[in-house]
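1. I'd like to go over a predicted model; first the sequence, then the structure.
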Amino acid sequence: MAVYALSIWLFVLLLPLLLLLKKIVRHNQQLPPGPPKLPVVGNFHQLGALPHQSLKRLSQKYGAVMFLKLGRTPLVVISSAEAAREVLKIHDLDCCSRPLLTGTGKLSYNYLDIGFAPYGDHWRQMRKMSTLELFSLKRVQSFRFIREEEVALLIDSITESSSSATPVDISEKMFGLTGSIVFRMAFGKRFRGSNYDGNNRLPELIHAAESLASFSAEECFPNFGWIIDRISGYHGKLEGVFLELDTLLQELINDHLKPERTKQEQEDFIDVMLKMEREQTETVGEARLTKNHIKAVLMNILMGGVDTSALTVIWAMAELCRNPRLMSKARDEVRKCIGKKRRVTEADIDQLHYLKMIIKETLRLHPPAPLLFARKAMSHFKVNDHNIYPETVIQINVWAIGKDPIYWKNPEEFYPDRFIDNPIDFRGQHFELLPFGAGRRSCPGIHMGLITAELALANLLYCFDWKLPEGVKEEDLNMEEAASQGMTIAKKTPLVLVPVN
Ligand code: HEM
(Lines give C-alpha, C1' and ligand atoms only; values in the text may rest on other atoms or scores of the structure.)
Protein backbone atom coordinates (compact mmCIF):
# COMPACT_ATOMS: atom_id res chain seq x y z
CA MET A 1 0.00 0.00 0.00
CA ALA A 2 2.83 2.38 0.97
CA VAL A 3 4.64 1.64 -2.29
CA TYR A 4 1.43 2.38 -4.19
CA ALA A 5 0.96 5.76 -2.41
CA LEU A 6 4.62 6.61 -2.96
CA SER A 7 4.37 5.94 -6.70
CA ILE A 8 1.32 8.19 -6.94
CA TRP A 9 3.16 10.98 -5.16
CA LEU A 10 6.19 10.52 -7.36
CA PHE A 11 4.00 10.66 -10.45
CA VAL A 12 2.29 13.89 -9.25
CA LEU A 13 5.66 15.48 -8.48
CA LEU A 14 7.25 14.41 -11.74
CA LEU A 15 4.30 15.27 -14.00
CA PRO A 16 5.26 18.94 -14.61
CA LEU A 17 8.81 17.81 -15.36
CA LEU A 18 7.57 15.21 -17.83
CA LEU A 19 5.35 17.77 -19.56
CA LEU A 20 8.25 20.22 -19.79
CA LEU A 21 10.46 17.48 -21.21
CA LYS A 22 7.80 16.65 -23.79
CA LYS A 23 7.61 20.31 -24.79
CA ILE A 24 11.39 20.52 -25.19
CA VAL A 25 11.53 17.32 -27.25
CA ARG A 26 8.66 18.56 -29.39
CA HIS A 27 10.38 21.93 -29.86
CA ASN A 28 13.56 20.16 -30.95
CA GLN A 29 11.58 17.96 -33.30
CA GLN A 30 10.03 21.10 -34.82
CA LEU A 31 6.76 19.36 -35.46
CA PRO A 32 4.01 21.40 -37.11
CA PRO A 33 1.73 23.21 -34.66
CA GLY A 34 -1.52 21.52 -33.68
CA PRO A 35 -4.29 21.45 -31.12
CA PRO A 36 -3.54 20.14 -27.61
CA LYS A 37 -3.95 16.39 -27.28
CA LEU A 38 -5.70 14.33 -24.65
CA PRO A 39 -3.85 11.40 -23.12
CA VAL A 40 -4.44 8.14 -25.01
CA VAL A 41 -6.96 9.42 -27.61
CA GLY A 42 -4.83 12.35 -28.82
CA ASN A 43 -7.06 14.50 -31.06
CA PHE A 44 -9.46 11.74 -32.03
CA HIS A 45 -12.38 13.40 -30.22
CA GLN A 46 -11.96 16.55 -32.36
CA LEU A 47 -12.61 14.87 -35.73
CA GLY A 48 -16.37 14.44 -35.38
CA ALA A 49 -18.68 12.98 -38.02
CA LEU A 50 -17.34 15.23 -40.79
CA PRO A 51 -13.54 15.25 -40.29
CA HIS A 52 -12.82 17.50 -43.32
CA GLN A 53 -15.02 20.23 -41.80
CA SER A 54 -13.56 19.89 -38.27
CA LEU A 55 -10.02 19.86 -39.67
CA LYS A 56 -10.70 23.02 -41.69
CA ARG A 57 -11.85 24.81 -38.52
CA LEU A 58 -8.77 23.61 -36.62
CA SER A 59 -6.43 24.66 -39.44
CA GLN A 60 -7.78 28.22 -39.24
CA LYS A 61 -6.37 28.34 -35.72
CA TYR A 62 -3.26 26.15 -36.02
CA GLY A 63 -2.16 26.62 -39.61
CA ALA A 64 -2.06 25.04 -43.05
CA VAL A 65 0.39 22.37 -41.89
CA MET A 66 -1.03 20.91 -38.71
CA PHE A 67 0.07 18.06 -36.47
CA LEU A 68 -2.45 15.84 -34.69
CA LYS A 69 -2.49 12.41 -33.13
CA LEU A 70 -5.13 9.78 -33.71
CA GLY A 71 -4.45 7.79 -30.60
CA ARG A 72 -0.84 6.82 -31.27
CA THR A 73 -0.83 7.55 -34.98
CA PRO A 74 0.91 10.80 -35.95
CA LEU A 75 -1.12 12.73 -38.54
CA VAL A 76 -0.24 15.83 -40.56
CA VAL A 77 -3.10 17.69 -42.22
CA ILE A 78 -2.39 19.98 -45.17
CA SER A 79 -4.89 22.80 -45.80
CA SER A 80 -3.34 25.27 -48.26
CA ALA A 81 -2.42 25.11 -51.95
CA GLU A 82 1.19 26.11 -51.23
CA ALA A 83 1.67 23.35 -48.66
CA ALA A 84 -0.14 20.84 -50.92
CA ARG A 85 2.27 21.76 -53.72
CA GLU A 86 5.26 21.13 -51.43
CA VAL A 87 3.89 17.75 -50.36
CA LEU A 88 2.48 16.47 -53.66
CA LYS A 89 5.05 17.94 -56.05
CA ILE A 90 8.35 18.56 -54.28
CA HIS A 91 8.07 15.71 -51.75
CA ASP A 92 5.77 13.39 -53.73
CA LEU A 93 8.30 10.57 -53.59
CA ASP A 94 8.89 11.01 -49.85
CA CYS A 95 5.25 10.36 -49.06
CA CYS A 96 3.57 8.41 -51.84
CA SER A 97 2.95 5.30 -49.79
CA ARG A 98 -0.30 4.40 -48.04
CA PRO A 99 -0.74 3.36 -44.39
CA LEU A 100 -0.98 -0.41 -43.94
CA LEU A 101 -4.35 -1.09 -42.31
CA THR A 102 -6.23 -4.26 -41.45
CA GLY A 103 -9.21 -3.20 -43.59
CA THR A 104 -7.30 -2.10 -46.69
CA GLY A 105 -4.99 -5.14 -46.41
CA LYS A 106 -7.92 -7.53 -46.39
CA LEU A 107 -9.85 -5.82 -49.19
CA SER A 108 -6.76 -5.65 -51.41
CA TYR A 109 -5.75 -9.33 -51.01
CA ASN A 110 -2.77 -8.21 -48.94
CA TYR A 111 -2.02 -5.12 -51.04
CA LEU A 112 -2.00 -6.74 -54.48
CA ASP A 113 -4.03 -3.76 -55.77
CA ILE A 114 -3.25 -0.20 -56.93
CA GLY A 115 -5.08 2.09 -54.48
CA PHE A 116 -4.06 0.68 -51.09
CA ALA A 117 -0.70 -0.88 -51.98
CA PRO A 118 2.37 0.66 -50.34
CA TYR A 119 4.87 2.36 -52.63
CA GLY A 120 7.34 -0.06 -54.21
CA ASP A 121 8.03 -2.21 -57.28
CA HIS A 122 4.71 -3.99 -57.01
CA TRP A 123 2.64 -0.77 -56.91
CA ARG A 124 4.70 0.75 -59.77
CA GLN A 125 4.03 -2.30 -61.98
CA MET A 126 0.33 -2.40 -61.15
CA ARG A 127 -0.07 1.34 -61.70
CA LYS A 128 1.79 1.11 -65.04
CA MET A 129 -0.34 -1.84 -66.14
CA SER A 130 -3.60 -0.13 -65.20
CA THR A 131 -2.64 3.20 -66.76
CA LEU A 132 -1.70 1.55 -70.06
CA GLU A 133 -4.31 -1.19 -70.26
CA LEU A 134 -7.35 -0.24 -68.17
CA PHE A 135 -7.60 3.53 -67.79
CA SER A 136 -5.97 4.76 -71.04
CA LEU A 137 -7.90 7.25 -73.20
CA LYS A 138 -8.19 4.57 -75.88
CA ARG A 139 -9.75 2.08 -73.46
CA VAL A 140 -12.09 4.73 -72.03
CA GLN A 141 -13.24 5.56 -75.58
CA SER A 142 -13.78 1.88 -76.35
CA PHE A 143 -16.50 1.84 -73.65
CA ARG A 144 -18.33 4.83 -75.13
CA PHE A 145 -21.22 2.67 -76.36
CA ILE A 146 -21.77 1.31 -72.83
CA ARG A 147 -22.03 4.79 -71.33
CA GLU A 148 -24.34 6.00 -74.10
CA GLU A 149 -26.60 2.94 -73.84
CA GLU A 150 -26.84 3.16 -70.06
CA VAL A 151 -27.56 6.91 -70.12
CA ALA A 152 -30.28 6.26 -72.77
CA LEU A 153 -31.88 3.65 -70.47
CA LEU A 154 -31.75 6.13 -67.60
CA ILE A 155 -33.42 8.85 -69.70
CA ASP A 156 -36.14 6.39 -70.79
CA SER A 157 -36.86 5.50 -67.17
CA ILE A 158 -37.09 9.20 -66.22
CA THR A 159 -39.34 9.92 -69.23
CA GLU A 160 -41.95 7.58 -67.71
CA SER A 161 -41.96 9.70 -64.53
CA SER A 162 -41.95 12.98 -66.44
CA SER A 163 -45.23 12.21 -68.24
CA SER A 164 -46.99 12.08 -64.86
CA ALA A 165 -44.71 14.70 -63.21
CA THR A 166 -43.73 12.08 -60.59
CA PRO A 167 -40.72 13.00 -58.41
CA VAL A 168 -37.55 11.06 -59.20
CA ASP A 169 -34.84 10.08 -56.70
CA ILE A 170 -31.84 11.42 -58.63
CA SER A 171 -29.40 10.03 -56.06
CA GLU A 172 -30.67 6.48 -56.53
CA LYS A 173 -30.75 6.87 -60.32
CA MET A 174 -27.16 8.13 -60.40
CA PHE A 175 -25.74 5.32 -58.24
CA GLY A 176 -27.67 2.89 -60.46
CA LEU A 177 -26.25 4.48 -63.61
CA THR A 178 -22.60 4.60 -62.56
CA GLY A 179 -22.93 1.11 -61.03
CA SER A 180 -24.23 -0.23 -64.36
CA ILE A 181 -21.50 1.47 -66.37
CA VAL A 182 -18.67 0.30 -64.11
CA PHE A 183 -20.18 -3.20 -64.00
CA ARG A 184 -20.37 -3.54 -67.75
CA MET A 185 -16.88 -2.13 -68.31
CA ALA A 186 -15.34 -4.33 -65.64
CA PHE A 187 -17.38 -7.53 -65.91
CA GLY A 188 -19.26 -7.35 -69.20
CA LYS A 189 -22.56 -7.80 -67.32
CA ARG A 190 -25.54 -5.60 -66.65
CA PHE A 191 -26.32 -4.24 -63.23
CA ARG A 192 -29.85 -2.88 -63.00
CA GLY A 193 -31.00 -0.54 -60.27
CA SER A 194 -29.90 -2.21 -57.10
CA ASN A 195 -29.98 -5.66 -58.60
CA TYR A 196 -27.15 -7.66 -60.12
CA ASP A 197 -28.23 -11.17 -61.14
CA GLY A 198 -30.16 -11.47 -57.89
CA ASN A 199 -27.38 -9.94 -55.80
CA ASN A 200 -29.26 -6.93 -54.49
CA ARG A 201 -26.74 -6.37 -51.70
CA LEU A 202 -24.08 -5.03 -54.02
CA PRO A 203 -24.45 -1.24 -53.46
CA GLU A 204 -24.64 -1.91 -49.72
CA LEU A 205 -21.55 -4.13 -49.95
CA ILE A 206 -19.54 -1.47 -51.80
CA HIS A 207 -20.45 1.15 -49.19
CA ALA A 208 -19.62 -1.27 -46.36
CA ALA A 209 -16.24 -2.02 -47.97
CA GLU A 210 -15.51 1.72 -48.27
CA SER A 211 -16.29 2.30 -44.61
CA LEU A 212 -14.09 -0.62 -43.50
CA ALA A 213 -11.11 0.66 -45.53
CA SER A 214 -9.95 3.04 -42.80
CA PHE A 215 -8.26 2.88 -39.40
CA SER A 216 -9.65 0.28 -36.99
CA ALA A 217 -9.82 1.20 -33.30
CA GLU A 218 -6.88 -1.11 -32.56
CA GLU A 219 -4.74 0.69 -35.13
CA CYS A 220 -5.34 4.00 -33.34
CA PHE A 221 -5.30 2.73 -29.76
CA PRO A 222 -3.04 -0.34 -29.59
CA ASN A 223 -3.68 -0.97 -25.87
CA PHE A 224 -7.46 -1.09 -25.72
CA GLY A 225 -8.71 -0.54 -29.29
CA TRP A 226 -9.20 -4.28 -29.74
CA ILE A 227 -12.00 -4.10 -27.14
CA ILE A 228 -13.81 -1.44 -29.23
CA ASP A 229 -13.28 -3.53 -32.37
CA ARG A 230 -14.62 -6.59 -30.56
CA ILE A 231 -17.74 -4.70 -29.36
CA SER A 232 -18.38 -3.08 -32.77
CA GLY A 233 -17.86 -6.44 -34.50
CA TYR A 234 -15.26 -4.85 -36.83
CA HIS A 235 -13.39 -8.03 -37.75
CA GLY A 236 -16.57 -10.04 -38.30
CA LYS A 237 -17.97 -7.33 -40.58
CA LEU A 238 -14.71 -7.10 -42.52
CA GLU A 239 -14.56 -10.89 -43.00
CA GLY A 240 -18.22 -11.00 -44.06
CA VAL A 241 -18.01 -8.15 -46.59
CA PHE A 242 -14.76 -9.47 -48.02
CA LEU A 243 -16.14 -12.99 -48.37
CA GLU A 244 -19.27 -11.83 -50.21
CA LEU A 245 -17.32 -9.58 -52.59
CA ASP A 246 -14.64 -12.21 -53.13
CA THR A 247 -17.27 -14.84 -53.99
CA LEU A 248 -18.91 -12.46 -56.46
CA LEU A 249 -15.61 -11.52 -58.14
CA GLN A 250 -14.48 -15.15 -58.31
CA GLU A 251 -17.79 -16.15 -59.94
CA LEU A 252 -17.41 -13.37 -62.51
CA ILE A 253 -13.86 -14.50 -63.30
CA ASN A 254 -14.97 -18.16 -63.53
CA ASP A 255 -17.68 -17.12 -66.03
CA HIS A 256 -15.00 -15.53 -68.18
CA LEU A 257 -12.92 -18.73 -68.10
CA LYS A 258 -15.71 -21.05 -69.28
CA PRO A 259 -14.73 -22.55 -72.65
CA GLU A 260 -18.30 -22.16 -73.92
CA ARG A 261 -18.27 -18.40 -73.23
CA THR A 262 -19.05 -16.60 -76.48
CA LYS A 263 -16.32 -14.19 -77.50
CA GLN A 264 -17.42 -10.63 -76.73
CA GLU A 265 -17.00 -7.92 -79.33
CA GLN A 266 -15.71 -5.66 -76.63
CA GLU A 267 -13.12 -6.82 -74.08
CA ASP A 268 -14.05 -5.96 -70.47
CA PHE A 269 -11.52 -5.43 -67.65
CA ILE A 270 -11.60 -9.10 -66.65
CA ASP A 271 -10.85 -10.15 -70.27
CA VAL A 272 -7.95 -7.67 -70.44
CA MET A 273 -6.41 -8.84 -67.17
CA LEU A 274 -6.90 -12.56 -67.89
CA LYS A 275 -5.17 -12.04 -71.24
CA MET A 276 -2.30 -10.29 -69.47
CA GLU A 277 -2.11 -13.16 -66.99
CA ARG A 278 -1.82 -15.65 -69.88
CA GLU A 279 0.66 -13.64 -71.91
CA GLN A 280 2.75 -12.11 -69.17
CA THR A 281 6.44 -11.99 -69.61
CA GLU A 282 7.09 -9.35 -66.96
CA THR A 283 6.63 -10.23 -63.31
CA VAL A 284 4.46 -8.06 -61.08
CA GLY A 285 6.53 -7.24 -58.01
CA GLU A 286 7.82 -10.47 -56.59
CA ALA A 287 4.95 -12.54 -57.96
CA ARG A 288 3.36 -12.89 -61.37
CA LEU A 289 -0.10 -11.53 -62.06
CA THR A 290 -2.55 -13.94 -60.42
CA LYS A 291 -6.32 -14.18 -59.94
CA ASN A 292 -5.90 -12.41 -56.61
CA HIS A 293 -4.18 -9.45 -58.32
CA ILE A 294 -7.13 -9.31 -60.72
CA LYS A 295 -9.69 -9.41 -57.92
CA ALA A 296 -7.79 -6.75 -55.95
CA VAL A 297 -7.88 -4.36 -58.95
CA LEU A 298 -11.57 -5.11 -59.53
CA MET A 299 -12.21 -4.30 -55.87
CA ASN A 300 -10.49 -0.89 -56.40
CA ILE A 301 -12.62 -0.24 -59.46
CA LEU A 302 -15.85 -0.98 -57.58
CA MET A 303 -14.80 1.14 -54.61
CA GLY A 304 -13.28 4.02 -56.59
CA GLY A 305 -15.39 4.16 -59.72
CA VAL A 306 -19.07 4.02 -58.74
CA ASP A 307 -19.76 6.60 -56.02
CA THR A 308 -17.34 9.30 -57.21
CA SER A 309 -18.98 10.07 -60.60
CA ALA A 310 -22.51 9.61 -59.18
CA LEU A 311 -21.84 12.12 -56.37
CA THR A 312 -20.50 14.65 -58.88
CA VAL A 313 -23.76 14.63 -60.87
CA ILE A 314 -25.94 14.64 -57.73
CA TRP A 315 -24.21 17.72 -56.27
CA ALA A 316 -24.19 19.48 -59.67
CA MET A 317 -27.96 18.97 -60.08
CA ALA A 318 -28.59 20.08 -56.49
CA GLU A 319 -26.58 23.29 -57.01
CA LEU A 320 -28.32 24.03 -60.32
CA CYS A 321 -31.78 23.51 -58.81
CA ARG A 322 -30.91 26.05 -56.11
CA ASN A 323 -29.79 28.51 -58.81
CA PRO A 324 -32.48 28.72 -61.53
CA ARG A 325 -30.47 31.34 -63.46
CA LEU A 326 -27.51 28.96 -63.76
CA MET A 327 -29.85 26.07 -64.55
CA SER A 328 -31.34 27.93 -67.54
CA LYS A 329 -27.89 29.01 -68.72
CA ALA A 330 -26.69 25.39 -68.64
CA ARG A 331 -29.85 24.06 -70.29
CA ASP A 332 -29.69 26.75 -73.02
CA GLU A 333 -26.11 25.87 -73.84
CA VAL A 334 -26.81 22.15 -74.19
CA ARG A 335 -29.98 22.66 -76.24
CA LYS A 336 -28.43 25.31 -78.51
CA CYS A 337 -25.27 23.30 -79.19
CA ILE A 338 -26.98 19.97 -79.72
CA GLY A 339 -30.01 21.17 -81.68
CA LYS A 340 -32.70 18.64 -82.45
CA LYS A 341 -31.43 15.17 -81.56
CA ARG A 342 -32.65 12.37 -79.35
CA ARG A 343 -29.73 12.41 -76.96
CA VAL A 344 -26.41 14.11 -76.27
CA THR A 345 -23.56 11.83 -77.34
CA GLU A 346 -19.95 11.86 -76.20
CA ALA A 347 -18.93 13.46 -79.48
CA ASP A 348 -20.96 16.53 -78.45
CA ILE A 349 -19.41 17.02 -75.04
CA ASP A 350 -16.36 19.03 -76.16
CA GLN A 351 -18.59 21.91 -77.31
CA LEU A 352 -20.25 22.20 -73.89
CA HIS A 353 -17.94 24.71 -72.23
CA TYR A 354 -20.39 25.87 -69.58
CA LEU A 355 -21.26 22.29 -68.62
CA LYS A 356 -17.56 21.60 -68.10
CA MET A 357 -17.30 24.67 -65.87
CA ILE A 358 -20.28 23.39 -63.85
CA ILE A 359 -18.51 20.07 -63.28
CA LYS A 360 -15.32 21.91 -62.26
CA GLU A 361 -17.20 24.17 -59.85
CA THR A 362 -19.01 21.14 -58.40
CA LEU A 363 -15.69 19.37 -57.81
CA ARG A 364 -14.33 22.52 -56.13
CA LEU A 365 -17.20 22.78 -53.63
CA HIS A 366 -18.02 19.08 -53.31
CA PRO A 367 -14.89 16.97 -53.99
CA PRO A 368 -16.13 13.36 -53.58
CA ALA A 369 -12.99 12.47 -51.58
CA PRO A 370 -12.54 15.64 -49.46
CA LEU A 371 -9.30 14.44 -47.78
CA LEU A 372 -7.94 12.47 -50.78
CA PHE A 373 -6.73 9.00 -49.70
CA ALA A 374 -4.36 8.86 -46.73
CA ARG A 375 -0.66 8.89 -47.63
CA LYS A 376 2.24 7.76 -45.45
CA ALA A 377 5.63 9.45 -45.17
CA MET A 378 8.46 7.08 -46.11
CA SER A 379 11.33 9.40 -45.26
CA HIS A 380 11.96 12.56 -43.28
CA PHE A 381 11.21 15.84 -45.05
CA LYS A 382 10.22 19.41 -44.25
CA VAL A 383 7.17 21.46 -45.18
CA ASN A 384 7.21 25.16 -44.24
CA ASP A 385 10.20 24.43 -41.99
CA HIS A 386 8.20 21.83 -40.03
CA ASN A 387 9.52 18.30 -39.80
CA ILE A 388 7.50 15.40 -41.10
CA TYR A 389 8.88 12.08 -39.93
CA PRO A 390 8.62 8.62 -41.52
CA GLU A 391 5.40 6.72 -40.70
CA THR A 392 3.40 9.97 -40.32
CA VAL A 393 0.00 9.75 -42.01
CA ILE A 394 -0.68 12.71 -44.32
CA GLN A 395 -4.12 13.96 -45.32
CA ILE A 396 -4.65 16.76 -47.84
CA ASN A 397 -7.84 18.68 -47.10
CA VAL A 398 -8.80 19.53 -50.70
CA TRP A 399 -12.29 20.47 -49.51
CA ALA A 400 -10.78 23.23 -47.34
CA ILE A 401 -8.40 24.35 -50.10
CA GLY A 402 -11.33 24.62 -52.54
CA LYS A 403 -13.03 27.05 -50.15
CA ASP A 404 -10.00 29.14 -49.26
CA PRO A 405 -10.75 32.87 -49.84
CA ILE A 406 -7.06 33.43 -50.69
CA TYR A 407 -7.60 31.66 -54.01
CA TRP A 408 -11.37 31.87 -54.49
CA LYS A 409 -13.55 34.99 -54.49
CA ASN A 410 -16.80 34.37 -52.58
CA PRO A 411 -15.67 30.78 -52.03
CA GLU A 412 -19.01 29.49 -50.70
CA GLU A 413 -20.88 30.62 -53.80
CA PHE A 414 -21.57 28.13 -56.60
CA TYR A 415 -20.40 30.23 -59.53
CA PRO A 416 -19.20 28.25 -62.59
CA ASP A 417 -18.44 31.49 -64.49
CA ARG A 418 -15.38 31.97 -62.28
CA PHE A 419 -13.62 29.56 -64.65
CA ILE A 420 -14.15 31.75 -67.75
CA ASP A 421 -10.67 32.76 -68.98
CA ASN A 422 -9.24 31.12 -65.90
CA PRO A 423 -6.50 28.55 -66.56
CA ILE A 424 -7.08 26.67 -63.27
CA ASP A 425 -7.69 23.01 -64.00
CA PHE A 426 -8.12 19.90 -61.88
CA ARG A 427 -5.56 17.57 -63.44
CA GLY A 428 -2.97 17.94 -60.69
CA GLN A 429 -1.03 21.01 -61.90
CA HIS A 430 -3.03 23.64 -59.98
CA PHE A 431 -2.89 22.99 -56.27
CA GLU A 432 -5.89 25.15 -55.42
CA LEU A 433 -8.15 22.58 -57.13
CA LEU A 434 -7.28 18.94 -56.42
CA PRO A 435 -10.41 16.72 -56.56
CA PHE A 436 -8.37 13.95 -58.26
CA GLY A 437 -5.23 14.48 -56.17
CA ALA A 438 -1.82 15.14 -57.75
CA GLY A 439 1.49 13.39 -58.20
CA ARG A 440 2.23 9.71 -58.42
CA ARG A 441 -0.86 8.58 -56.46
CA SER A 442 -3.36 10.82 -58.29
CA CYS A 443 -6.53 9.25 -59.69
CA PRO A 444 -5.87 7.08 -62.77
CA GLY A 445 -9.64 6.90 -63.46
CA ILE A 446 -9.99 10.64 -64.12
CA HIS A 447 -11.01 10.35 -67.84
CA MET A 448 -13.50 7.61 -67.06
CA GLY A 449 -15.02 9.44 -64.10
CA LEU A 450 -15.27 12.77 -65.91
CA ILE A 451 -16.83 11.58 -69.15
CA THR A 452 -19.45 9.58 -67.22
CA ALA A 453 -20.44 12.61 -65.14
CA GLU A 454 -20.42 14.98 -68.14
CA LEU A 455 -22.53 12.70 -70.33
CA ALA A 456 -25.10 12.04 -67.60
CA LEU A 457 -25.45 15.72 -66.64
CA ALA A 458 -25.67 16.88 -70.28
CA ASN A 459 -28.51 14.44 -70.98
CA LEU A 460 -30.42 15.30 -67.80
CA LEU A 461 -30.32 18.96 -68.87
CA TYR A 462 -31.04 18.29 -72.55
CA CYS A 463 -34.00 15.95 -72.11
CA PHE A 464 -35.89 17.55 -69.20
CA ASP A 465 -36.69 20.71 -67.34
CA TRP A 466 -36.36 20.14 -63.59
CA LYS A 467 -38.54 21.36 -60.74
CA LEU A 468 -38.27 20.96 -57.00
CA PRO A 469 -41.05 18.82 -55.47
CA GLU A 470 -44.25 20.60 -54.41
CA GLY A 471 -43.68 22.81 -51.36
CA VAL A 472 -39.84 22.72 -51.45
CA LYS A 473 -38.27 26.16 -52.03
CA GLU A 474 -34.83 26.64 -53.58
CA GLU A 475 -33.40 27.95 -50.33
CA ASP A 476 -34.84 24.94 -48.43
CA LEU A 477 -32.99 22.32 -50.48
CA ASN A 478 -30.91 20.34 -47.99
CA MET A 479 -27.23 20.67 -48.97
CA GLU A 480 -25.81 19.00 -45.85
CA GLU A 481 -23.17 16.30 -46.12
CA ALA A 482 -23.74 12.82 -44.71
CA ALA A 483 -21.54 11.64 -41.84
CA SER A 484 -18.28 10.23 -43.18
CA GLN A 485 -18.55 6.55 -44.09
CA GLY A 486 -15.08 6.11 -45.50
CA MET A 487 -13.29 7.83 -48.33
CA THR A 488 -16.20 9.65 -50.00
CA ILE A 489 -18.79 12.09 -48.69
CA ALA A 490 -22.36 11.86 -49.90
CA LYS A 491 -25.30 14.26 -49.72
CA LYS A 492 -27.12 13.72 -46.42
CA THR A 493 -30.59 13.40 -47.95
CA PRO A 494 -31.38 11.94 -51.38
CA LEU A 495 -31.90 14.51 -54.13
CA VAL A 496 -35.51 14.25 -55.27
CA LEU A 497 -36.59 16.32 -58.30
CA VAL A 498 -39.53 16.46 -60.69
CA PRO A 499 -38.70 16.03 -64.41
CA VAL A 500 -40.82 17.93 -66.93
CA ASN A 501 -40.59 17.53 -70.70
C1 HEM B 1 -15.36 11.97 -60.51
C2 HEM B 1 -14.75 10.80 -60.42
C3 HEM B 1 -13.54 10.49 -59.55
C4 HEM B 1 -12.95 11.23 -58.55
C5 HEM B 1 -13.34 12.62 -58.06
C6 HEM B 1 -11.83 10.45 -58.05
C7 HEM B 1 -10.97 10.86 -57.03
C8 HEM B 1 -9.86 10.15 -56.61
C9 HEM B 1 -8.96 10.59 -55.59
C10 HEM B 1 -9.09 11.89 -54.81
C11 HEM B 1 -7.97 9.67 -55.46
C12 HEM B 1 -6.80 9.70 -54.46
C13 HEM B 1 -5.70 10.58 -54.98
C14 HEM B 1 -4.57 10.72 -53.99
O15 HEM B 1 -4.47 9.95 -53.04
O16 HEM B 1 -3.77 11.66 -54.19
C17 HEM B 1 -8.26 8.60 -56.38
C18 HEM B 1 -7.49 7.48 -56.54
C19 HEM B 1 -7.85 6.41 -57.31
N20 HEM B 1 -8.94 6.35 -58.16
FE21 HEM B 1 -10.29 7.83 -58.53
N22 HEM B 1 -11.77 9.25 -58.72
C23 HEM B 1 -12.79 9.23 -59.65
C24 HEM B 1 -13.07 8.21 -60.54
C25 HEM B 1 -12.41 7.02 -60.60
C26 HEM B 1 -12.76 5.92 -61.46
C27 HEM B 1 -13.93 5.95 -62.47
C28 HEM B 1 -11.89 4.90 -61.19
C29 HEM B 1 -11.80 3.54 -61.80
C30 HEM B 1 -12.67 2.96 -62.57
C31 HEM B 1 -10.97 5.37 -60.16
C32 HEM B 1 -9.93 4.62 -59.62
C33 HEM B 1 -8.99 5.11 -58.72
C34 HEM B 1 -7.84 4.32 -58.23
C35 HEM B 1 -7.50 2.89 -58.60
C36 HEM B 1 -7.13 5.16 -57.35
C37 HEM B 1 -5.86 4.83 -56.56
C38 HEM B 1 -4.60 5.32 -57.24
C39 HEM B 1 -3.31 5.01 -56.50
O40 HEM B 1 -3.31 4.93 -55.28
O41 HEM B 1 -2.28 4.84 -57.17
N42 HEM B 1 -11.32 6.66 -59.82
N43 HEM B 1 -9.41 8.92 -57.08
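-> Sure thing, it's come through. Numbers count the residues shown, from 1 in each chain.
2. got the residue ranges for the strands in the stretch 1-150 of the chain?
-> For the stretch 1-150 of the chain, applying DSSP state E, counting those that start in this stretch gives strands covering 65-70, 73-78.
3. Am I right that Gly437 is in a strand?
-> No: Gly437 is assigned coil when assessed by DSSP: H, G, I helix; E, B strand; the rest coil, not a strand.
4. That one: how many residues sit nearby?
-> Gly437 sits with 21 neighbouring residues when counted by other C-beta atoms under 10 Å. Every C-beta, even on glycine, is put in place using the N, C-alpha and C of the backbone.
5. Any regions of the stretch 301-450 of the chain where pLDDT drops low?
-> Nowhere does the stretch 301-450 of the chain drop to pLDDT under 70.
6. I misspoke; the intended subject was the chain.
-> 1-28, 191-200, 282-287.
7. Nearest the geometric middle of it, what residue?
-> Computing the C-alpha centroid of the chain and ranking residues by C-alpha atoms, centre = their mean puts Ala369 first, at 3.7 Å.
8. Do I have it right that that one meets Ala490?
-> No: Ala369 is not in contact with Ala490 according to C-beta atoms under 8 Å; the separation is 11.6 Å.
9. mind listing the strands for the stretch 401-501 of the chain?
-> 465-467, 496-500.
10. Could you show which parts of the chain are in contact with the ligand?
-> 114-115, 127, 300-301, 304-305, 308-309, 312, 368-369, 372-373, 435-437, 441-445, 448-449, 453 (C-beta under 6 Å from any ligand atom).
11. Enumerate every residue touching Arg184.
-> Going by C-beta atoms under 8 Å, 6 or more residues apart in numbering, Arg184 touches Phe143, Ile146, Glu150, Arg190, Phe191, Asp268.
12. for Ile406, same thing?
-> With C-beta under 8 Å, 6+ apart, Ile406 has these contacts: Ser80, Ala81.
13. ditto for Ile401
-> Per C-beta under 8 Å, 6+ apart, neighbours of Ile401: Ser79, Ser80, Ala81, Ala84, Tyr407, Phe431, Glu432, Leu433, Leu434.
14. just the residues you listed now: which is nearest Ile206?
-> Taking C-beta to C-beta as the measure, Ile206 sits nearest to Leu434 out of the contacts of Ile401, at 24.1 Å.
15. And the furthest pair within the contacts of Ile401?
-> Longest span within the contacts of Ile401, C-beta to C-beta: Ser79 and Leu433, 14.3 Å.
16. which residues of the stretch 51-200 of the chain fall in helices?
-> Remark: helices assigned in the stretch 51-200 of the chain by DSSP state H, counting those that start in this stretch are 51-62, 81-85, 102-107, 121-129, 137-142, 144-163, 170-187.
17. Deepest-packed of those helices, please.
-> Mean neighbour count (mean count of other C-beta atoms under 10 Å) peaks for helix 170-187 among the helices of the stretch 51-200 of the chain, with a mean of 24.
18. From Lys336, how far off is the one residue in the stretch 51-200 of the chain that gets nearest to the ligand?
-> Going by C-beta to the nearest ligand atom, the ligand is nearest to Gly115 of the stretch 51-200 of the chain, at 3.5 Å. Per C-beta to C-beta, to the nearest Å, Gly115 is found 40 Å from Lys336.
19. Who has more neighbours out of the two?
-> Set Gly115 next to Lys336 and count neighbours by other C-beta under 10 Å: Gly115 wins out with 27 against 9.
20. for the nearest residue to the more buried one once chain neighbours are set aside, what are its contacts?
-> Nearest non-adjacent residue to Gly115, counting by C-beta to C-beta, 6 or more residues apart in numbering: Asn300, 4.5 Å away. Residues near Asn300 by C-beta under 8 Å, 6+ apart: Ser108, Asp113, Ile114, Gly115, Phe116.
21. Is Ser246 in contact with Lys295, as I believe?
-> Residue 246: Asp, not Ser. Yes: at 6.6 Å, Asp246 counts as touching Lys295 under the criterion of C-beta under 8 Å.
22. quick one, which of the two is more surrounded?
-> Lys295 (24 against 16).
23. host element of the more buried one?
-> helix 291-305 (DSSP states H and E).
24. The helix or strand following that helix to helix 170-187, inter-axis angle?
-> Under the assignment DSSP H and E, the closest C-terminal helix or strand after helix 291-305 is helix 307-322. Orientation of helix 307-322 against helix 170-187 (axes from the mean of the first three to the mean of the last three C-alpha atoms, to 10 degrees) gives an angle of 150 degrees.
25. Helix 307-322 packs against which elements?
-> helix 170-187, helix 202-212, helix 324-338, helix 353-365, helix 446-463, strand 465-467 (3 or more C-beta pairs under 8 Å, 6 or more residues apart in numbering; DSSP states H and E).
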